[in-house]
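Student: Below: sequence and its predicted model.
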Amino acid sequence: MATNIIDPTKWVDRYSDYLFNYTIVRVNDREVANDLISETFLAGLKSMKNFKGESTERTWLISILKRKIVDYYRKINSNKGRAEVKVNYNSDDNDGDWLEEQIADLSDKTAEDTMENEELGMAILECLDQLNEKQATIFKMKTIDGIDTDAICNEFDISPSNLWVIIHRARTSLAKCLEKNWF
Amino acid sequence: MKLRELFKLNCSEAAEFCDKAQYREAGFLNKLKLRLHLIFCPPCQEYTKKNLKLTSLLKKASIKTCTKKEKERYKKQIEENL
């Protein structure tokens, strides 16, 4: 099996959206997410020599990021001191009811939905790896960021028909890649 | 016949209009042509089905990406520390 090589000059184009998507749902703050990703890249540079090529660059970077996120939560928790849980009953009538009885209805699946959607997003970004960076960038700009056809064509100096060929390829390969688990 | 010419569409054109329709850029006449083509073309029906599904998955995933500025900042930082 071929070992994976490491190339920091490609990290941003290849993985920043992936890392960002992972971080933003967890910290819910753009600036914090940016800081954590910066730290991840820097930590990656520092420990590059430890990269053995057994996993992919992506897996390796995300494992660094996960640790950074945990550290972040540890830090803000120690700043705050211990969390205090206070239970107030709404009225004297239900005084003595168990806390468990007061939690949200379990049939409400929002949290699970969010998790599934996040997983889907990560799967999509992973699948986009099969395209080259330029094609993936163009597809993301068009589809995710909703940027105008003309604006993209100007930026990359391509014709609209070039753009649609790229979009077509991207969509075909994405559908194929997602087919097994998501269609 | 002229009318027939007007509605003629091959599969690669059909795919193109189907792609454009996912971004609301297909135009009325092209969408009509596509619809007519789909009636007779199972492979294009299949492609359209998958394409629609992909659009709904992409919407559902609501992926968040970094801005260009943010990416440039990362790049600069990496270059400085290489």
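Tutor: Done, it's in.

Student: Do me a favour and average the pLDDT over stretch B:52-65.
Tutor: The predicted model gives stretch B:52-65 an average pLDDT of 94.

Student: and it, anywhere near chain A?
Tutor: Yes: taking Cβ under 8 Å from any Cβ of the partner chain as the criterion, stretch B:52-65 and chain A are in contact, through B:53-54, B:57-58, B:60-65. C-beta here means a position set from N, CA and C on the backbone, and glycine is covered the same way.

Student: quick one, what contacts residue 30?
Tutor: I went with chain A, as the question did not name one. By Cβ atoms under 8 Å, 6 or more residues apart in numbering or on different chains, A:Arg30 lies in contact with A:Ile24.

Student: look at chain B instead
Tutor: B:17, B:20-21.

Student: and if we set it to 7 Å?
Tutor: B:Phe17 (Cβ atoms under 7 Å, 6 or more residues apart in numbering or on different chains).

Student: any idea which helix or strand carries it?
Tutor: B:Asn30 is located in helix B:28-40, with elements delineated by DSSP states H and E.

Student: in that helix, what's buried?
Tutor: For helix B:28-40, burial by neighbour count (16 or more other Cβ atoms under 10 Å in any protein chain shown) applies to B:30, B:33-34, B:37-38.

Student: residues near residue 21, how many?
Tutor: Picked chain A for this. Counted with other Cβ atoms under 10 Å in any protein chain shown, residues neighbouring A:Asn21 total 22.

Student: look at chain B instead
Tutor: Here the neighbour count serves as a burial measure; for B:Ala21 (other Cβ under 10 Å) it reads 18.

Student: So, low pLDDT: which residues of the chain?
Tutor: All of this is about chain A. A:1-2, A:80-109 (pLDDT under 70).

Student: Let me rephrase: I mean chain B.
Tutor: For chain B (pLDDT under 70), the answer is B:1.

Student: Looking at it, what residue ends up closest to chain A?
Tutor: Closest approach between chain B and chain A, counting by Cβ to the nearest Cβ: B:Ala61, at 3.8 Å.

Student: That residue is in contact with A:Asn117, isn't it?
Tutor: Yes: the pair B:Ala61 and A:Asn117 passes the contact test of Cβ atoms under 7 Å, sitting 5.6 Å apart.

Student: If you count surrounding residues, which of the two has more?
Tutor: B:Ala61 (21 against 17).

Student: which bits of chain A sit near chain B?
Tutor: A:8, A:11-12, A:16-17, A:20-21, A:24, A:34, A:37-38, A:41-42, A:45, A:117, A:120-121, A:124-125, A:140, A:142-145, A:149, A:164, A:167-168, A:171, A:174-175, A:178, A:182-183 (Cβ under 7 Å from any Cβ of the partner chain).
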